[in-house]
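# give me coordinates for this.
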Amino acid sequence: MKIVIVGGVAGGATAAARIRRRNEQAEIIVFERSGYISYANCGLPYYLGDVIRDPEDLTLQTPESFFSRFRVKMKVHHEVIGIYPERKSVLVKNLETGEEFEEAYDKLVLSPGAKPTQPKLPGTGIEKLFTLRTVEDTFRIKEYINKNHPKSVVLAGGGFIGLEVAENLRQLGMDVTIVQRPRQLMNPFDSDMASMIHSEVRRHGVKLALGYTVEGFKERDGGVDILLKDHAPLHGDMVVLAIGVTPDTTLAKKAGLELGMKGSILVNDRMETSVPDIYAAGDAVQVKHYVTGEDTLISLAGPANKQGRIIADNLCGGDSRYLGSQGSSVIKVFHMTAAVTGINERNARQAGLNVDTIILSPMSHAGYYPGGKVMTMKVVFEKETYRLLGAQIVGYEGVDKRIDVLATAIHAGLNAIQLKDLDLAYAPPYSSAKDPVNIAGFMIENIAAGRLKQWHLEDAATLPRDGSVTLLDTRTEAEFAGGHMEGFVNIPVDELRERLGELEAGKPVYVICQSGLRSYIACCILEGNGYEAYNFSGGFRFYDGVMNDRCLIECATACGMDQ
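Residues are numbered from 1 along each chain as shown. The predicted model follows:
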């Protein structure tokens, strides 16, 4: 059996290695148009910032090492420019010599990946405007920085790549601005959770220009003007485009393969395309979202590796199936960690789901053990069924551990209440006897049992201030004096039982504290004394952070300047 693979890196290289492990006799050829067949794509931004100093550390395998171990022919600087399914061959161009030739196959695997989205805007061909996809792109940017010593950079786009590049270039001492049309960074997060990411990048000197539409680029004064709709241009010594990726499927389209959303390749759960004997994996394929079952595009290394392995198994006589992508991901944001899995609240509502959320701010480990830090968790679940839909966590230590537990729970089909039953490892330096994931389950169980009624951030502006309800802040007097919501009265939770007479009977009470714990205790006291009480999800710390962030964004947009 002769297998031709188009593209290396996660999907293609994984498929090649797995095929060899399953079949010692197969002939395997990989054509890769870049000079690298297997490299640490996710590590590229860290090479720019000198976190990774040796360029060889980015290269996981060379053509020589891959052949030595797996006897797979790795042809770098070879681009497949045509597929002929009717005669089961591909047309290949040697990019070093210009020679073109046909290569026959019994099975064909496509792993072309995705390319940086290139907007059709004036000036995108400017020399000082860069994209980041390959090792060569990285070296090009690094060489420019080392040679020209730019003082400032504007990043168009605030997703994973944009944020990682921003951090690394900022740590080189560059003045960094992120500009994009959405009014938040990191679209997988809800805007309330993204506000904490905004705060961290601002704290490290990165300027944010959110809600701005880029209309083009123009060279000026040795740098680049970024032209904005209805605003004065931004200026940088260089620009990096990081506005997302587009499936690189020109080849598949020319070959007549059936395509899906944004031109992606349609595959079934065996990763088979619409054409017999042609498989596809990675960022170029359309998949099902594991939570919603809807078609989606998810460009992550983990799914691409799994898909390459599934293809290999099926080519070798197995019957492996891809169950869908869940979008589990984590990112370092300066000193902070942000992670997400499943779907967020915004996307859940757009999908027509009837959802609820909880927000909690537990410590990363036992409070009495030194060094614990607060994390903020948002868990999204379906009302009535309590189906677990997704989670977001922003914090410092232990964020990755908790998101992986929640991702596993979603994949295993646990409902949100069952989080309370998970038997998770505990020692004071690592967690608490009641792990944050368990606490989320306790809270959702209380909601299901009617012991916890909530009000949320979006309710804050519409709460009646006409005296028809009681608005109660249960923090200390000092905390209340440091900032509070309009219209709220202050009775510290430890004084509440003695001061119940100050609250008018028969009126609903909307309660808030710093993180949500003391206000929950206050709600229990109130309910036990005949009041109807609602607890604010997230606490005043969360409310204050989100509202300050929104104010900064509104102010910057109105004033016509970046933050």
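
# in the helix or strand where residue 405 lies, what counts as buried?
When elements are defined using DSSP states H and E, residue 405 is found to belong to helix 399-412. Under the neighbour-count criterion of 16 or more other CB atoms under 10 Å, helix 399-412 has 399, 401-403, 405-407, 409-411 buried. Heads up, the C-betas are built off the backbone N, CA and C, glycines and all.

# distance between it and the chain's centre?
Centroid separation between helix 399-412 and its chain, computed with CA atoms, centre = their mean, to the nearest Å, is 14 Å.

# and what of stretch 432-442?
Relative to the centre of its chain, stretch 432-442 is centred 24 Å away, using CA atoms, centre = their mean.

# quick one: mean pLDDT over it.
When pLDDT is averaged along stretch 432-442, the result is 97.

# moving C-terminal of the helix holding residue 405, what's the next helix or strand?
Reading on from helix 399-412 to the C-terminus, the next helix or strand found by DSSP H and E is helix 436-448.

# quick one: that next one to helix 399-412, angle?
Here the directions of helix 436-448 and helix 399-412 differ by 50 degrees (axes from the mean of the first three to the mean of the last three CA atoms, to 10 degrees).

# what strands line up against whichever helix or strand comes after helix 436-448, and which way round?
Next along the chain after helix 436-448, taking DSSP H and E as the criterion, comes strand 454-455. The pairing partners recorded for strand 454-455 under DSSP bridges are strand 533-536 (parallel).

# so what touches the strand it pairs with?
Strand 533-536 is contacted from outside by 452-456, 508-513, 516, 519-520, 522-523, 526-527, 543, using CB atoms under 8 Å, 6 or more residues apart in numbering.

# put the alpha carbons of that strand into PDB.
Provided in PDB are the C-alpha atoms of strand 533-536 (Å, rounded to 0.1, in the frame of the first residue of the first chain):
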ATOM      1  CA  ALA A 533     -33.400  36.300  48.800                       C
ATOM      2  CA  TYR A 534     -31.200  36.300  45.700                       C
ATOM      3  CA  ASN A 535     -27.500  36.000  45.600                       C
ATOM      4  CA  PHE A 536     -25.300  37.900  43.200                       C
END
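
# can we start the residue count at 787 from this point?
All right, first residue 787 from here; so that's strand 1319-1322.

# tell me the contacts of residue 1311?
Counting by CB under 8 Å, 6+ apart, residue 1311 makes contact with 1279, 1282-1283.

# now do the phi/psi pair for it.
Residue 1311 has phi and psi values of phi -60, psi -50 when expressed as degrees, to the nearest 10.

# just the pLDDT at it, thanks.
For residue 1311, the pLDDT comes out at 98.

# that one and residue 1283, how far apart?
Relative to residue 1283, residue 1311 is positioned 6 Å away (CB to CB, to the nearest Å).

# then residue 1066?
Using CB to CB, one obtains 65 Å as the distance from residue 1066 to residue 1283.

# about what we covered before: between the buried residues of helix 1185-1198, which is nearest residue 1161?
If you rank those by distance to residue 1161 using CB to CB, residue 1185 comes first, at 5.7 Å.

# excluding chain neighbours, what is closest to the closest one?
The spatial neighbour of residue 1185 that comes closest, neighbours along the chain excluded (CB to CB, 6 or more residues apart in numbering), is residue 1123 at 4.1 Å.

# ok, residue 993 next?
Looking at residue 993 with CB to CB, 6+ apart, the closest residue is residue 963, at 4.3 Å.

# tell me what that neighbour is bridged to.
For residue 963, the beta-bridge assignment (DSSP bridges) gives partners residue 940, residue 993.

# burial count for it?
Counted with other CB atoms under 10 Å, the neighbours of residue 963 add up to 21.

# about what we covered before: now, which of the contacts of strand 1319-1322 lie within helices?
1305-1306, 1308-1309, 1312-1313, 1329 (DSSP state H).

# I'd like those residues as JSON lines, with neighbour count and distance to residue 1024 appended.
Shown next, in JSON lines, are the ones in helices among the contacts of strand 1319-1322 (neighbours: other CB atoms under 10 Å; distance: CB to CB, whole Å):
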{"residue": "1305", "neighbour count": "26", "distance to residue 1024": "48"}
{"residue": "1306", "neighbour count": "24", "distance to residue 1024": "50"}
{"residue": "1308", "neighbour count": "26", "distance to residue 1024": "54"}
{"residue": "1309", "neighbour count": "27", "distance to residue 1024": "54"}
{"residue": "1312", "neighbour count": "24", "distance to residue 1024": "58"}
{"residue": "1313", "neighbour count": "16", "distance to residue 1024": "59"}
{"residue": "1329", "neighbour count": "22", "distance to residue 1024": "38"}
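
# which one among those gets closest to residue 987?
Lowest distance from residue 987 to these (CB to CB) belongs to residue 1329, with 20.7 Å.

# which elements pack onto the least confident helix or strand in the chain by mean pLDDT?
Of all regular secondary-structure elements in the chain, judged by mean pLDDT, DSSP states H and E, the least confident is strand 824-825 with a mean of 72. Under the contact criterion of 3 or more CB pairs under 8 Å, 6 or more residues apart in numbering; DSSP states H and E, the helices and strands touching strand 824-825 comprise helix 795-808, strand 845-847.

# weakest of the ones you listed by average pLDDT?
Here the lowest mean pLDDT among the helices and strands packed on strand 824-825 goes to strand 845-847, at a mean of 76.

# among the ones in helices among the contacts of strand 1319-1322, which two are most distant?
Greatest spacing in the ones in helices among the contacts of strand 1319-1322, by CB to CB: 1313 and 1329 (22.5 Å).

# just to revisit the earlier point, which of the ones in helices among the contacts of strand 1319-1322 sits closest to residue 1267?
Checking the ones in helices among the contacts of strand 1319-1322 against residue 1267 with CB to CB, the nearest one is residue 1329 at 16.5 Å.
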